[in-house]
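Engineer: got a predicted model here, sequence first, then my questions.
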Amino acid sequence: MLKTFSTILVLLVAPAVGYAQPMVNHFDAAAKVFRLDGGGVSYLFGVNARGELEQLYWGGRLGATDKFPQAVPMREWASFDSSYTNTPQEYAGWGAGLFNEPALKVSFADGNRDLVLHYESYAEAANGFDVVLKDIARPIFVTLHYAIDAESGILARSATIENRGSEAVTVEQAAAAAWALPAGRYTLNYLTGRWAGEWTLNQETVRAGARVIESRRGSTGHQANPWFALQAGEAEEEHGEVWFGALGWSGSWRITVEQDQLDAVRVTGGFNPFDFGYVLHAGEKLETPVFYGGYAKNGLDGASRLLHRYELEHILPRTEAKAGQAPAASRTALTPRPRPVIYNSWEATEFNVTEAGQMALAEKAAALGIDRFVMDDGWFGQRKDDHAGLGDWYVNQEKFPHGLKPLIDKVHALGMDFGLWVEPEMVNPDSDLYRKHPDWVLHFPGRPESEQRNQLVLNLARPEVREYVLGFLDKLLTENDIAFLKWDYNRNWSEPGWDQLPAAEQKRVYVEFTRNLYAILAELRKRHPQVEIESCSGGGGRVDLGILRYVDEVWPSDNTDPFDRLTIQDGFTYAYTPQVMMAWVTDSPHWLNKRTTSLSYRILSSMQGSLGIGANIANWTPDEAATAKRLIAAYHQVQATIVQGELYRLISPRNGSEFSATETVRPDKSQAVVFAFIHSTQEGRGFPTLKLKGLDPAAEYALSAIEGKAREGSPAVASGAWWMNHGLEMEEGFRGDFQAAAFRLDRK
Ligand code: DGJ
């Protein structure tokens with residue numbers, strides 16, 4: 001039901017966990033102020049005297065009876081800076097003298113490019129509002145969607161842009177949302193990287209001008225991730241106000257953080273406007289991705305804990321369990337089940353997969369206590385290396401003369417389920433598919449087609465390509481008992497042409513490609529509800545809150561060096577929950593850094609996320625196999641705490657730190673798991689005492705070592721207050737290079 005300036009009160013009772021306050025979403029008709037409350041957060045915006053939608057407040061929860069007067073547009077600072085520019089609009093059209101980042105920019109058929117959006121109406125929506133804006137003269141309507149999570153206070157914002165006119169308009173720039181913070185000093189945190197070096201946390205003071213974080217690559221990208229956190233003052237783990245956000249989009253994206261001429265900060269994010277142009281015909285709509293935003297009082301650690309919980313409870317899919325698949329005790333009503341411990345063959349065999357070789361590895365894997373056996377690249381078409389085969393998704397007869405069934409049966413007989421690698425959106429020019437449909441790839445006719453890793457990108461935006469990809473995946477899953485797909489994507493776009501469409505419409509590819517990817521994933525999940533999927537893109541190139549709606553886990557990096565992984569995993573967890581963070585134990589010396597590390601160091605590094613083994617276990621000694629078996633069993637017991645608990649970064653591994661440590665605490669505080677790592681002991685320094693966090697101070701906790709020892713004389717049982725105030729001490733001998741220890745604390 002649409003409403004214009006009437007009052008509504010939406011009162012929902014918050015879940016039993018977390019904040020006990022009721023959530024009150026309210027529209028104050030007299031002051032024209034919208035208010036959303038959830039968890040410890042209030043978000044307010046209103047209609048100002050000119051009719052624009054203006055942000056009023058985003059921060060800690062206000063009193064239930066606190067009221068804001070009607071929004072007042074910011075004054076004109078000088079003739080060079082109009083009030084329209086200075087006012088923190090919720091969703092500003094480019095027009096009327098706007099100099100900062102617009103949320104929406106359109107061009108009309110008659111050459112007009114002025115767009116001024118004013119409030120029109122609102123409707124109640126689940127956990128929030130849909131607020132309609134309209135251009136002051138032309139029938140361009142924008143519906144802003146707002147929903148707040150009652151527990152975390154995280155907002156989900158997006159926009160629907162609609163052309164109700166009779167002529168086409170071109171959308172040149174469309175954000176999902178814009179967030180505003182008042183004038184002040186802020187530290188910006190964002191994640192950048194490269195292949196085998198993803199998830200570097202950057203921290204810098206926000207200065208006048210704009211910092212653009214983006215991907216122009218057609219997919220999320222290794223180079224930057226669509227997440228930000230702005231902290232008032234300096235960056236601190238445990239203290240201080242933090243405003244953070246993450247975009248749910250796996251295509252080209254952009255987040256612009258700008259500090260304007262009056263020191264106010266705005267964050268605008270959505271489709272990347274670079275090479276963008278979406279023609280909206282009469283009556284058509286364009287839906288933007290969702291931009292999630294949250295607020296925490298307790299530093300970056302607090303912000304990531306909120307985001308992790310939100311991802312677990314509201315973003316990730318719940319894949320149905322197969323009979324006997326997961327221990328019932330490890331399933332919770334609200335969260336997806338912890339990931340099976342996998343074995344993956346890639347680093348052991350690369351493309352050289354054979355029935356006998358995979359069966360031999362499967363036997364070794366089963367003996368270690370592995371839950372899932374995954375065969376990686378090399379099983380299909382004429383795939384001997386990365387020059388051929390992508391696109392031809394039939395089983396290679398030389399390698400698997402009887403199809404996949406004998407291997408899958410063997411894996412099942414060994415008590416594991418079976419997973420398979422695919423790279424559905426790609427094609428090698430040396431493939432039957434490319435020979436048959438050379439026009440199916442992204443390209444501009446008559447121009448070279450740039451290959452990367454000897455492959456081209458199929459134009460998934462085309463309906464026939466979407467049907468082909470859905471068709472072969474559906475057939476593969478129907479004909480074989482496959483529990484898991486590792487969905488890879490090993491290059492970025494080039495020459496993104498779509499010559500089946502009129503020239504003016506070809507840029508639709510930036511939207512339709514990603515939409516079709518989501519549509520295929522959604523349809524596969526519907527047809528095969530027990531199949532789980534991993535998003536991999538040569539490592540962490542496609543990790544975002546868009547793809548995480550359809551996949552159960554991600555591959556953070558091809559870099560499996562256990563020491564590098566500590567910083568990679570640390571960076572990853574600022575934005576994403578350890579539940580989705582796959583981490584394999586691989587061989588030593590490591591192929592990338594040539595570093596030698598002990599097996600227990602490697603396993604403990606991987607245990608910080610969802611554990612997997614990717615080493616050539618055929619070469620392991622009985623001692624190594626015994627160590628792995630023992631630690632995998634120990635991991636199974638505490639996995640739910642590690643991957644779904646509240647994460648505290650006790651000592652950061654960043655900036656060449658000599659030590660690092662993390663702690664995760666079960667939400668009900670019944671268990672905690674602590675990891676401690678030494679890079680290289682210097683000057684005989686002992687490991688710092690770890691003052692634990694998040695425990696129940698009044699409860700008693702028993703300490704037990706998973707690996708390593710506590711200092712002689714440490715209590716076997718002590719109160720939460722003891723562990724948090726006195727702290728956990730490592731044994732005297734915990735020194736050296738690349739050393740690791742892990743402990744669990746169980747409430748008595
Ligand atoms: C890139 C992935 O990240 C690796 O794990 C592996 O699957 C290779 N592709 C296979 O080509």
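Structural biologist: Happy to help now that I have it. Residues are numbered from 1 along each chain as shown.

Engineer: just the CA trace of stretch 36-56, in PDB.
Structural biologist: Below are the C-alpha coordinates for stretch 36-56, written out as PDB (Å, rounded to 0.1, in the frame of the first residue of the first chain):
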ATOM      1  CA  LEU A  36      14.900   2.800  11.200                       C
ATOM      2  CA  ASP A  37      16.200   1.100  14.400                       C
ATOM      3  CA  GLY A  38      17.900  -2.300  14.600                       C
ATOM      4  CA  GLY A  39      20.300  -3.700  17.200                       C
ATOM      5  CA  GLY A  40      22.400  -0.800  18.500                       C
ATOM      6  CA  VAL A  41      21.800   1.400  15.400                       C
ATOM      7  CA  SER A  42      19.400   4.100  14.400                       C
ATOM      8  CA  TYR A  43      19.200   5.500  10.800                       C
ATOM      9  CA  LEU A  44      17.200   8.600  10.000                       C
ATOM     10  CA  PHE A  45      16.400  10.500   6.900                       C
ATOM     11  CA  GLY A  46      13.800  13.000   6.000                       C
ATOM     12  CA  VAL A  47      12.200  15.100   3.300                       C
ATOM     13  CA  ASN A  48      13.600  18.600   3.400                       C
ATOM     14  CA  ALA A  49      11.900  21.800   2.500                       C
ATOM     15  CA  ARG A  50      12.900  21.600  -1.100                       C
ATOM     16  CA  GLY A  51      11.600  18.100  -1.400                       C
ATOM     17  CA  GLU A  52      14.900  16.200  -1.400                       C
ATOM     18  CA  LEU A  53      15.500  13.100   0.700                       C
ATOM     19  CA  GLU A  54      18.200  14.000   3.100                       C
ATOM     20  CA  GLN A  55      20.200  11.900   5.600                       C
ATOM     21  CA  LEU A  56      19.800  13.000   9.200                       C
END
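
Engineer: just how off-centre is it within its chain?
Structural biologist: Centroid separation for stretch 36-56 versus its chain: 27 Å, with C-alpha atoms, centre = their mean, to the nearest Å.

Engineer: now do it, average pLDDT.
Structural biologist: Stretch 36-56 carries an average pLDDT of 97.

Engineer: ok, stretch 644-662 next?
Structural biologist: Mean per-residue pLDDT for stretch 644-662: 96.

Engineer: start and end of it, how far apart?
Structural biologist: Taking C-alpha to C-alpha, to the nearest Å, stretch 644-662 runs 14 Å from one end to the other.

Engineer: residues of it that come out buried?
Structural biologist: By 16 or more other C-beta atoms under 10 Å, the buried positions in stretch 644-662 come out as 644-653, 657-662. For the C-beta atoms, the positions are set from N, CA and C on the backbone; glycine is no exception.

Engineer: how about the residue in the chain that the ligand sits nearest to, nearest residue that isn't a chain neighbour?
Structural biologist: Taking C-beta to the nearest ligand atom as the measure, the chain has residue 377 as its residue closest to the ligand, at 3.6 Å. Of all residues not flanking residue 377 in the chain, residue 421 sits nearest, at 5.2 Å (C-beta to C-beta, 6 or more residues apart in numbering).

Engineer: and the gap between that neighbour and residue 59?
Structural biologist: Distance, residue 421 to residue 59, using C-beta to C-beta, to the nearest Å: 45 Å.

Engineer: what's the spacing between the residue of the chain closest to the ligand and residue 433?
Structural biologist: When distance is defined by C-beta to C-beta, residue 377 is 17 Å away from residue 433.

Engineer: for residue 146, pull up the helix or strand it's in.
Structural biologist: Using DSSP states H and E, residue 146 falls within strand 140-148.
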